[in-house]
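# my questions are about this predicted structure, shown below with the sequence.
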Amino acid sequence: MKNFLFCFLVALAALGCSKREVPHYTISRLVKSDTASKLTVNISKRMTQADLLNIAAKIRTDSSALPNLQLCYILPGHNDKNTGDNNFYAIAKYPNKDRVTMQDTLKDADGNAVRLKITGLTEQSAKHLLGLNPKEIAGKNILGRFIDDYNDTVIIPFTEPNDPKHEIYIIELDSTGKVVSATVPMLDNKDGVQKLIVTHRGDYCTLKDSVLTQYSIDDLGLPYNSIKSGI
């Protein structure tokens with residue numbers, strides 16, 4: 001009887017250890033092709049490798065019928081229809097079993113080989129950038145703090161108090177707090193949309209609902225990036 005009870009407790013403990021916490025996520029898009037089943041996975045914040053792998057394992061279990069599974073994680077504010085190459089916080093790919101190699105040492109929570117590339121900044125690095133307060137913005141009306149994951153910078157639009165023209169200024173800081181770019185965009189309010197034109201060629205951005213959306217003049221009105229403030 002004692003041996004049975006001991007074995008039961010050991011088994012129960014093992015189950016408790018194998019239980020994993022899966023962070024909240026939603027799936028907003030599925031694109032299937034001959035080479036991959038791509039899912040857009042919306043996450044609420046920057047996550048660790050372990051968190052992303054736990055989500056991947058859960059999705060793989062729930063989507064076992066989808067071949068060549070690829071998960072594209074995006075942060076709030078980002079849009080999977082943006083044209084840029086760096087919109088995703090991370091990408092996880094499940095290789096076919098016959099294509100698993102010795103280099104595929106990373107496993108998800110269920111022991112499946114997965115190739116995970118995290119291109120976004122860690123939560124710690126983002127907090128550092130968001131906390132920068134150089135003299136250039138002292139006493140200004142800050143309109144938001146937007147992390148550019150590709151350039152490891154923070155973009156800060158602001159206005160001057162008591163400025164009757166309400167001009168908007170934009171500075172970009174690196175991780176040391178150094179200003180790497182400073183722009184006074186030309187405002188264009190055509191068709192009820194305020195465009196902040198930031199280059200001579202006409203590239204622009206918009207700022208609405210705490211989301212900074214960036215456009216290239218070459219992309220025919222489609223944004224190449226969008227960033228939510230404070231994330």
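It's in.
# what's around residue 100, how many residues?
If you count neighbours by other C-beta atoms under 10 Å, residue 100 ends up with 14. C-beta here means a position set from N, CA and C on the backbone, and glycine is covered the same way.
# same question for residue 34.
Residue 34: 6 neighbours (other C-beta under 10 Å).
# how about residue 80?
16.
# how about it, secondary structure?
Following DSSP: H, G, I helix; E, B strand; the rest coil, residue 80 is assigned to coil.
# distance check, residue 142 against residue 136.
According to C-beta to C-beta, to the nearest Å, residue 142 stands 11 Å off from residue 136.
# ok, residue 28 next?
The gap separating residue 28 from residue 136 is 37 Å, by C-beta to C-beta.
# which one of these two is surrounded by more residues?
residue 136 (14 against 11).
# pLDDT value on residue 195, please?
Confidence at residue 195, expressed as pLDDT, is 94.
# give me phi/psi at it?
Main-chain torsions, residue 195, degrees, to the nearest 10: phi -100, psi 130.
# what about the residue nearest to residue 210 when sequence neighbours are not counted, how many neighbours?
Among residues not flanking residue 210 along the chain, residue 229 sits closest, at 4.3 Å (C-beta to C-beta, 6 or more residues apart in numbering). Residue 229 has 21 neighbours, counted by other C-beta under 10 Å.
# again, but for residue 105
Close neighbours of residue 105, defined as other C-beta under 10 Å, add up to 7.
# please identify the helix or strand for the residue nearest to residue 139 when sequence neighbours are not counted.
Excluding the flanking residues, the one nearest residue 139 by C-beta to C-beta, 6+ apart is residue 161, at 6.8 Å. Counting by DSSP states H and E, no helix or strand carries residue 161.
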